[in-house]
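sequence first, predicted model second:
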Amino acid sequence: MRTYSRNQHSFFDDLISYLSSIASFGMATEAHNFGFRPAFKPNERMVLTGMPNVTNTVLVFSPYTILQPIATNGWPELIEFEENPSDVTPNDFSKYPIQLTGIKELHSLMLQATFLHYYETVSPKIEARYNTDVSNWPSVLNFARVIRNAFAHGGQIYFRNPNAQPASWRTLTYKPSDNGRQILYLDITAVEAILLMEDMNDILRAI
């Protein structure tokens with residue numbers, strides 16, 4: 001079980017906004033396609049699947065526990081994910097070329113907006129502690145900066161400095177020669193973004 005709380009995780013509100021958005025959009029899509037979709041029940045679950053060669057993680061959550069407090073003009077204080085290893089292999093992903101259209105396009109925009117907002121919220125704290133020279137930053141924060149820039153450019157890697165040092169996190173490494181590489185749903189899904197925000201939070205709590 002992976003648990004996030006509002007008082008311990010600085011990305012909590014952004015995460016809740018993302019999860020409630022995809023859950024609500026899922027309900028709206030079903031209602032549009034089939035004419036009706038009842039509210040989420042407490043025992044219903046939604047699944048977020050990470051990249052098997054990066055996090056190899058599946059996160060499962062209850063939309064009800066998020067939407068119920070919001071529907072009563074409140075806000076969740078806790079979100080719990082059941083965490084399991086992915087049963088998808090890297091080859092399964094390579095069989096399906098990325099097509100950012102329809103539902104996947106909207107989900108990608110939601111995800112990019114979530115991460116961008118969180119990053120911009122904490123960036124003044126990062127720069128105050130480590131200044132603007134990214135060579136002084138912890139590797140997790142520098143990698144997050146690279147993802148932030150990619151998400152600001154349609155999910156494609158974007159280095160302004162051709163001599164910038166590579167940035168790495170888990171099994172991923174990006175460098176200027178990767179400019180233009182699409183990473184959404186090829187390297188990064190919502191699972192990777194969530195776990196990256198968690199790693200950022202761990203560093204920021206110590207500042």
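Structure received.

how is the protein carved up into domains?
Domain segmentation of the chain under automatic domain parsing yields 2-93, 102-205.

where along this structure do the strands fall?
Ranges of strands within the chain are 2-5, 46-49, 57-61, 78-85, 167-169, 172-174, based on DSSP state E.

adjacent strands (with direction) for the fifth one?
The reference is to strand 167-169. Looking at strand 167-169 with DSSP bridges, its partner strands are strand 172-174 (antiparallel).

the first one too?
When pairs are called by DSSP bridges, strand 2-5 turns out to pair with strand 78-85 (antiparallel).

gap between the partner strand and the chain center?
Taking the mean C-alpha point of strand 78-85 and that of its whole chain, the gap between them comes to 14 Å (C-alpha atoms, centre = their mean, to the nearest Å).

could you do stretch 79-90 as well?
Using C-alpha atoms, centre = their mean, the distance from the centre of stretch 79-90 to the centre of the chain it belongs to is 14 Å.

now do stretch 26-44
Offset of stretch 26-44 from its chain centre (C-alpha atoms, centre = their mean): 23 Å.

got the contact list for that stretch?
Residues outside stretch 26-44 that contact it (C-beta atoms under 8 Å, 6 or more residues apart in numbering): 23, 46, 62, 63, 64, 65, 67, 103. (Each C-beta comes from the backbone N, C-alpha and C, glycine too.)

how close does the residue located most distally from the centre of the chain sit to residue 29?
Distance from the C-alpha centroid of the chain peaks at residue 35, with 30.6 Å (C-alpha atoms, centre = their mean). Distance, residue 35 to residue 29, by C-beta to C-beta, to the nearest Å: 12 Å.

if any of the contacts of stretch 26-44 are buried, give me the PyMOL selection for them.
Listed next is the PyMOL selection for buried residues among these, using 16 or more other C-beta atoms under 10 Å:
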select buried, resi 23+62+63+64+67
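
of the contacts of stretch 26-44, which pair is most distant in space?
Taking C-beta to C-beta, the two most distant members of the contacts of stretch 26-44 are 65 and 103; they sit 22.8 Å apart.

now render the contacts of stretch 26-44 as JSON lines, adding distance to residue 185 and pLDDT.
Shown next, in JSON lines, are the contacts of stretch 26-44 (distance: C-beta to C-beta, whole Å; pLDDT from 0 to 100):
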{"residue": "23", "distance to residue 185": "19", "pLDDT": "91"}
{"residue": "46", "distance to residue 185": "17", "pLDDT": "91"}
{"residue": "62", "distance to residue 185": "24", "pLDDT": "95"}
{"residue": "63", "distance to residue 185": "21", "pLDDT": "94"}
{"residue": "64", "distance to residue 185": "27", "pLDDT": "95"}
{"residue": "65", "distance to residue 185": "26", "pLDDT": "96"}
{"residue": "67", "distance to residue 185": "25", "pLDDT": "96"}
{"residue": "103", "distance to residue 185": "12", "pLDDT": "77"}
